[in-house]
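Student: heads up, no residue letters with this:
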């Protein structure tokens, strides 16, 4: 009933088999493109496990919501109202600037900037492995999420979608060791590449020749080159510049502007699709508030 | 009879599922560096306790599931976990006779091996740099083994999983 010696093939044979199969899957995953398709099927298959793993966090969130006192809710409501008022005021100016910009662009005969389609996704906060920094979001191919789609939070660029399953997708963060993003320095439009380092607070500005005009505190924004991220979104701030004239390139570190370590909601962008609904909504809201 | 031969897998798979859920639970960054390798530990336990059921095949499948769930290159965790369980399965009789403390130390060493294999493969495939955080979970795993081993043993005895 309970054999001391296992039946079936011997252990070394089983291990050799496991080794060969792993070797095949690794090669297949790294060196072919079609593995993305299979990965998305597999991700769909295991998504129940991900939802289960996310349950405790959701339960905690819900209890926290119910446990919040009336006073704290009122306070929060008040600050949010004030924030909305401030932002509406900014929006009024923004709309004015938008139309002005459109007119100027028409004079210069360049393309108009369109308001792109966006959608909010929730982080399913599934822990990722230390070798690649990524998060799962609760939107997938059924919500028209596509591979290499840009993802932002309220402050700056978060990353891009790497694989899409049916109702979930995986977003690689800009700080991942294998991720790089084309940027320009907001102050002087110097273009460069910003690479992740694997540390959630650090990114490296690579291949900038010595003597390039970079200062600590410079804001780095997306340059729109590479055609994945739209132009002009803040990415990182320069924190350290290590001067070493003997090196051909400068050694510069930057800190991401988006709060990558405490993401809860992110914004998915569809840079090639125009969106008309939110713009109108915001305007009417602002007007009605103004009249009151 | 048929029920007797299929039911152990239910219990084993349930424990592995719980371990997988624990492995991918959302955690603050500080905790992540010391979060034990639940899935690997549970597989190692079953490989020691029921070597005729859980062996390299199960380890490979669990590792592969980890690969999908964590978004690593498919096969990396599978290979590392198969290697570790290969070591455990070849020595399960010795491991059974050790005290829990000795087992914990050995499990820690096996898991260091696991993390190093995962790191080496990632180093080769993705060119990542080494950081001590990659192997710190092994030490907490060794500590948690002192708790997990009696828990899983009473689980096995209670449901007569053989």
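Tutor: Done, it's in. Model, not experiment: these values are computed from the prediction.
Student: near chain A at all, the least confident helix or strand in chain B by mean pLDDT?
Tutor: Across the helices and strands of chain B, mean confidence by mean pLDDT, DSSP states H and E is lowest for helix B:29-32: a mean of 76. Yes: residues of helix B:29-32 contacting chain A under CB under 8 Å from any CB of the partner chain: B:29, B:32. Yep, even glycine has a C-beta here, placed from its N, CA and C like the rest.
Student: residues of the helix or strand just after that helix that come out buried?
Tutor: Where DSSP states H and E defines the elements, the next helix or strand beyond helix B:29-32 is helix B:38-49. Of all the residues in helix B:38-49, those buried under the rule 16 or more other CB atoms under 10 Å in any protein chain shown are B:38, B:39, B:40, B:41, B:42, B:43, B:44, B:45, B:46, B:47, B:48, B:49.
Student: tell me who's in contact with the fifth one.
Tutor: By CB atoms under 8 Å, 6 or more residues apart in numbering or on different chains, the contact set of residue B:42 is B:15, B:16, B:18, B:19, B:148, B:152.
Student: can you turn the buried part of the residues you listed into a PyMOL selection?
Tutor: Selecting only the buried members of the contacts of residue B:42 in PyMOL, with burial defined as 16+ other CB under 10 Å, works like this:
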select buried, chain B and resi 15+16+19+148+152
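Student: which among the contacts of residue B:42 gets closest to chain A?
Tutor: residue B:18 (9.3 Å; CB to the nearest CB).
Student: just say helix, strand or coil for that closest one.
Tutor: Of the three states, residue B:18 takes helix under DSSP: H, G, I helix; E, B strand; the rest coil.
Student: and what of residue B:57?
Tutor: In three-state terms, and counting by three-state DSSP, residue B:57 is helix.
Student: in the least confident helix or strand of chain B, what's buried?
Tutor: For helix B:29-32, using 16+ other CB under 10 Å, the buried residues are residue B:32.
Student: helix, strand or coil: sort out residue 9 for me.
Tutor: Since you didn't name a chain, this refers to chain A. coil.
Student: may I have the phi/psi pair for it?
Tutor: phi -60, psi 160 (degrees, to the nearest 10).
Student: distance of it from residue B:80?
Tutor: 21 Å (CB to CB, to the nearest Å).
Student: those two: which is more packed in?
Tutor: Set side by side, residue A:9 and residue B:80 show more neighbours around residue B:80, with 26 against 14, by other CB atoms under 10 Å in any protein chain shown.
Student: so the strand or helix carrying that one, near chain A or not?
Tutor: Per DSSP H and E, residue B:80 falls inside helix B:76-90. Yes: Helix B:76-90 reaches chain A (CB under 8 Å from any CB) through B:76, B:78, B:79, B:82, B:83, B:86, B:89, B:90.
Student: who does that helix touch, helix- and strand-wise?
Tutor: helix A:11-31, helix B:38-49, helix B:56-70, helix B:100-126 (3 or more CB pairs under 8 Å, 6 or more residues apart in numbering or on different chains; DSSP states H and E).
Student: tell me what the helix or strand just after the last one is packed against?
Tutor: Later in the chain than helix B:100-126, the nearest helix or strand by DSSP H and E is helix B:136-158. Under the contact criterion of 3+ CB pairs under 8 Å, 6+ apart, the helices and strands touching helix B:136-158 comprise helix B:2-23, helix B:38-49, helix B:100-126.
Student: residues contacting the residue most central in space within chain B?
Tutor: The centroid of chain B falls nearest to residue B:40 when counting by CA atoms, centre = their mean (1.0 Å). Counting by CB under 8 Å, 6+ apart, residue B:40 touches B:81, B:84, B:111, B:114, B:141.
Student: repeat that for 6 Å
Tutor: B:81, B:114 (CB atoms under 6 Å, 6 or more residues apart in numbering or on different chains).
Student: relative to the whole chain's centre, how far out is the least confident helix or strand of chain B?
Tutor: 20 Å (CA atoms, centre = their mean, to the nearest Å).
Student: with stretch A:138-152 instead?
Tutor: Distance, centroid of stretch A:138-152 to centroid of chain: 11 Å (CA atoms, centre = their mean).
Student: pLDDT on that stretch, on average?
Tutor: For stretch A:138-152, the mean pLDDT works out to 91.
Student: and that stretch with chain B, contact?
Tutor: No: Stretch A:138-152 is not in contact with chain B by CB under 6 Å from any CB of the partner chain; minimum separation 12.7 Å.
Student: how far away is the nearest residue to residue A:45 once chain neighbours are set aside from residue B:61?
Tutor: The spatially closest residue to residue A:45, leaving aside those adjacent along the chain, is residue B:68, at 7.8 Å (CB to CB, 6 or more residues apart in numbering or on different chains). Computed as CB to CB, the residue B:68 to residue B:61 distance reads 11 Å.
Student: could you do residue A:269 as well?
Tutor: In terms of CB to CB, residue A:269 sits 38 Å off from residue B:61.
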